[in-house]
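1. Attaching a predicted model along with its sequence, questions to come.
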Amino acid sequence: MPRIRGGLAAAVVLTSLAFLTPGGSAVAEDVTLPAMRMPLGPAELEATPGAIQTLAPGVTYQKYRQGQASDVWSVEVEIPYKSDPPVEPPLKSWAVGNKTFANDLVVALAENNFVGRVDSRQTKVLKKLHDDYPVGEVLYEHKVRVGRFAPSDQAGANQLKGLVESAGFSARIAYTGQDGADTTGPWEVRVVKVDPTANVAFQAVHGKDVRAGETVRDMAAAAGALVAVNASEFEIKKPVPEGEEDPQPLVFDGDPEGLHVNDGHLVSEPNNGRTALLLEGPGARVRVDEVSSKTQVTAADGQIRQIDGINRVPGRNRGCGGIGTERREDGKGKNPETEAWRGALCVDPNEVVVFRPEWGATTPVTPGAVDVVVNSGWKVVAIRPPGGAIPATGRVMQGIGEGADWLRAHARPDDVFKPGTTITDSGGKSLSGSTFDAVAGGGPALVRGGNILINTVQNGMHNPTYGTPTGNIVERHPRTLAGVTAAGELLLVTIDGRDPGISIGVTVPEAAEVMKWLGAKDAVSLGSGGDTTLIAKSVLYNRPMDSWTASGPTERRVSNAVVVVPK
């Protein structure tokens with residue numbers, strides 16, 4: 001068997017970063033403040049704070065560094081799922097493996113001269129918002145791995161992966177820092193703090209069209225923003241090779257998952273009460289709360305129809321938590337017609353969805369659908385097949401199944417519909433106003449009333465079978481976080497990840513600890529992973545990484561952004 005390069009480096013030297021301006025010149029960051037400690041890693045670690053930069057009066061930026069690399073690259077081998085009789089098609093078992101199956105795989109690897117090990121992780125049920133979920137239950141996740149390679153030796157792990165695969169096993173490389181186990185980092189945490197007296201406004205913005213993502217940089221430029229970070233999670237459309245047919249014609253990668261309100265207009269409906277960041281709304285400039293909405297139309301004959309969605313393809317609700325006959329596509333979940341499920345696709349053959357001009361130029365070509373076009377006064381001006389223009393000052397109601405039947409029965413040329421939308425917080429209070437903006441990012445809540453509170457179930461971030469938190473909660477990823485202090489300061493925070501020698505990211509509980517440490521009274525997690533981006537004064541201030549194996553930072557096209565705009 002060929003010899004594989006490996007072994008842990010004795011030390012990892014962290015290099016300081018400089019930020020590139022659009023013209024390419026570097027902006028140095030002086031490290032002048034005394035050391036302190038972030039609530040990350042073992043107690044002996046100290047943070048190195050960067051100098052406070054004033055971006056505008058009352059708007060500051062600061063970066064904190066802490067820790068050094070102690071994790072390793074390894075080759076993770078797929079654990080075969082066994083059953084009697086065998087399951088067809090065979091089930092995959094990358095993440096949660098039966099311990100017996102894992103041990104059997106270690107034996108099989110040894111028979112092929114590979115020394116495997118079982119890395120096990122406990123995942124505890126986290127406390128739900130309303131205290132009605134058992135706390136402390138444990139599920140063990142088992143992963144089988146071969147080899148240990150220094151953070152700088154990803155190539156050695158790739159070489160071993162090839163050998164493992166040549167022996168007939170399915171394998172991939174993994175950096176153990178993602179697991180969520182004890183680590184020394186490193187971490188880079190970037191903090192923008194906005195004083196409540198600063199002469200700025202807070203907004204949740206999207207690109208030119210809701211259906212098409214744009215980079216945070218482009219959205220910041222269009223808004224004239226001083227600062228911008230990514231906001232909602234969204235559907236990601238796989239690229240289609242030139243000349244090939246699109247296998248996902250009804251997937252639009254700008255479509256946000258859940259709530260998006262811009263200038264008081266509901267641009268995307270919430271996923272049944274997931275946690276959201278509320279901006280410039282009634283009662284407070286910044287607030288974190290759970291949000292619901294209800295939209296309905298009344299036909300000229302008095303019949304009322306609830307609207308299933310805003311600016312999304314009928315029959316497809318990413319994140320679930322809708323109304324009517326909606327169900328999870330995979331059939332999981334106890335009450336999929338009412339529960340939110342992060343990232344899951346819910347389907348419903350009987351829907352009516354309203355398309356506003358923000359969506360884009362035309363409605364989607366949804367099979368079997370009918371479009372009812374109304375003007376600014378909701379007067380019916382056309383009944384047509386799907387795929388036509390959306391009027392600049394009007395709306396289009398698109399229906400499928402029973403929704404299409406209802407539109408055909410109750411929409412006639414020149415009839416006038418009466419629309420109605422209510423957006424409410426967790427206490428049932430109406431949220432409205434021409435300056436009111438909101439987004440539900442990825443969730444969950446992190447801090448409430450100055451105490452850590454992580455409402456995974458409320459945000460659909462739990463396993464429908466075991467009730468334990470999903471991988472996004474317990475694994476380390478890049479994170480974008482938002483919060484408000486007791487003094488009313490807005491905190492916009494990015495924590496980079498997937499970068500072994502620079503920053504490995506945080507789990508959601510670690511993110512909550514960081515936000516509490518920064519003084520947040522209330523806080524919520526926005527988008528994560530490769531979405532995490534911070535733009536200030538047109539400069540990329542962080543290192544967005546698409547994956548652990550990415551060759552370098554990449555600014556991803558995302559759904560929307562939270563921006564700080566000078567007045």
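-> Now that the structure is in, tell me what you want to look at. Owing to the predicted nature of the structure, the values given are computational and were not obtained by experimental measurement. Numbers count the residues shown, from 1 in each chain.

2. Just give the nearest non-adjacent residue to Gly403, would you?
-> Val352 (4.0 Å; CB to CB, 6 or more residues apart in numbering). C-beta: built from backbone N, CA, C; applies to glycine.

3. so where is the protein shaky, pLDDT-wise?
-> 1-35, 82-97, 123-139, 333-338, 465-467 (pLDDT under 70).

4. how far is the lengthiest strand in it from where the chain is centred?
-> Longest strand of the chain, by residue count under DSSP state E: strand 138-149. On the basis of CA atoms, centre = their mean, to the nearest Å, strand 138-149 sits 25 Å off its chain's mean C-alpha point.

5. quick one: buried residues of it?
-> For strand 138-149, burial by neighbour count (16 or more other CB atoms under 10 Å) applies to 139, 141-149.

6. now swap in stretch 405-421 and tell me
-> Neighbour count says stretch 405-421 has 406-407, 410-411, 417, 421 buried, by 16+ other CB under 10 Å.

7. Cys320: which of the residues you listed is nearest?
-> Thr421 (20.2 Å; CB to CB).

8. helix/strand/coil for the closest one?
-> Assigned with DSSP: H, G, I helix; E, B strand; the rest coil, Thr421 falls in the strand class.

9. ok, now how distant is the residue nearest to Gly403 from Tyr541?
-> Val352 sits 43 Å away from Tyr541, going by CB to CB, to the nearest Å.

10. now do Val439
-> From Val439 to Tyr541 the distance is 20 Å (CB to CB).

11. These two: which has the busier surroundings?
-> Each of Val439 and Tyr541 has its neighbours counted (other CB atoms under 10 Å); Val439 has more, 34 against 21.

12. before we move on, back to that, of all the buried residues of strand 138-149, which comes closest to Glu78?
-> Top of the list for closeness to Glu78, among these and by CB to CB, is Val144 at 8.2 Å.

13. quick one: the closest one and Leu105 touch, right?
-> Yes - between Val144 and Leu105 there is a contact under CB atoms under 8 Å: 4.8 Å.

14. joint contacts of these two?
-> Here Val144 and Leu105 have 77, 79, 116 as joint contacts, going by CB atoms under 8 Å, 6 or more residues apart in numbering.

15. The second one: neighbour count?
-> Read it as Ile79. 25.

16. separation between it and Ala43?
-> For Ile79 relative to Ala43 (CB to CB), the value is 35 Å.

17. Equivalent analysis for the last one, please.
-> Distance of Gly116 to Ala43, computed by CB to CB: 33 Å.

18. which of those two has more neighbours?
-> Gly116 (21 against 7).

19. which ones are touching that one?
-> Contacts of Gly116 (CB under 8 Å, 6+ apart): 77, 105-106, 109-110, 144-146.

20. Can you tell me which of the residues you listed is nearest Thr435?
-> Distances from Thr435 to the contacts of Gly116, taken by CB to CB, are shortest for Arg145, at 51.7 Å.

21. Name whatever forms a beta bridge with that closest one.
-> Using DSSP bridges, the bridge partners assigned to Arg145 are Glu76, Arg117.

22. Provide a list of residues in contact with it.
-> Contacts of Arg145 by CB under 8 Å, 6+ apart are 74-77, 116-117, 119, 174, 176.

23. One more: Phe169?
-> By CB under 8 Å, 6+ apart, the contact list for Phe169 reads 77-78, 108-109, 112.

24. again, only using 6 Å
-> Val77 (CB atoms under 6 Å, 6 or more residues apart in numbering).

25. gap between it and Leu163?
-> 10 Å.

26. cool, and Arg172?
-> Distance from Arg172 to Leu163, by CB to CB: 14 Å.

27. who's more crowded, those two?
-> More crowded of Arg172 and Leu163, by other CB under 10 Å: Leu163, with 19 against 15.

28. Now do the same for that one: helix, strand or coil?
-> Of the three states, Leu163 takes helix under three-state DSSP.

29. Contacts only, for it.
-> By CB under 6 Å, 6+ apart, Leu163 has no neighbours at all.

30. mind checking how far the spatially closest residue to Asp415 that is not a sequence neighbour is from Gln398?
-> Sequence neighbours aside, Ala300 is the residue nearest to Asp415 in space, at 4.1 Å (criterion: CB to CB, 6+ apart). For Ala300, the distance to Gln398 (CB to CB) stands at 19 Å.

31. which one of the two has more residues nearby?
-> Comparing Ala300 with Gln398 by other CB under 10 Å, the one with more neighbours is Gln398, at 26 against 15.

32. can you confirm the more buried one is in a helix?
-> No - according to three-state DSSP, Gln398 belongs to no helix; its state is strand.

33. That one: what's it in contact with?
-> 314, 353, 363, 369, 371, 386.

34. rerun that using 7 Å as the cut-off
-> By CB atoms under 7 Å, 6 or more residues apart in numbering, Gln398 lies in contact with 314, 353, 355, 363, 366, 369, 371, 386.

35. What's the separation between it and Ala369?
-> 5 Å.

36. which neighbours do the two share?
-> Contact criterion CB under 7 Å, 6+ apart; residues shared by Gln398 and Ala369: 314, 386.

37. All the strands of the stretch 301-450 of the chain, residue numbers only.
-> 304-306, 309-310, 316-320, 327-328, 340-347, 351-355, 370-374, 380-384, 395-400, 418-424, 437-439, 445-448 (DSSP state E, counting those that start in this stretch).

38. wait, which of the ones you listed is closest to Asp522?
-> The nearest among the strands of the stretch 301-450 of the chain, by CB to CB, is strand 445-448 at 5.7 Å.

39. Pairing partners for the helix or strand following the closest one, with directions?
-> Downstream of strand 445-448, the next assigned helix or strand under DSSP states H and E is strand 451-452. Note on strand 451-452: by DSSP bridges, its sheet partners are strand 445-448 (antiparallel).

40. quick one: contacts of the partner strand?
-> 275, 288, 452-455, 481, 483, 511-512, 515-516, 520-525.

41. again, only using 6 Å
-> Counting by CB under 6 Å, 6+ apart, residues outside strand 445-448 touching it are 275, 453, 455, 511-512, 515-516, 520, 522-525.

42. Neighbour-wise, which one of the residues you listed leads?
-> Busiest of these [other CB under 10 Å] is Val524, holding 33 neighbours.

43. okay but it is in contact with Val288, surely?
-> Yes - if you go by CB atoms under 6 Å, Val524 and Val288 touch, sitting 4.8 Å apart.

44. where's stretch 354-372 relative to the chain centroid, distance-wise?
-> The answer for stretch 354-372 is 25 Å, by CA atoms, centre = their mean.
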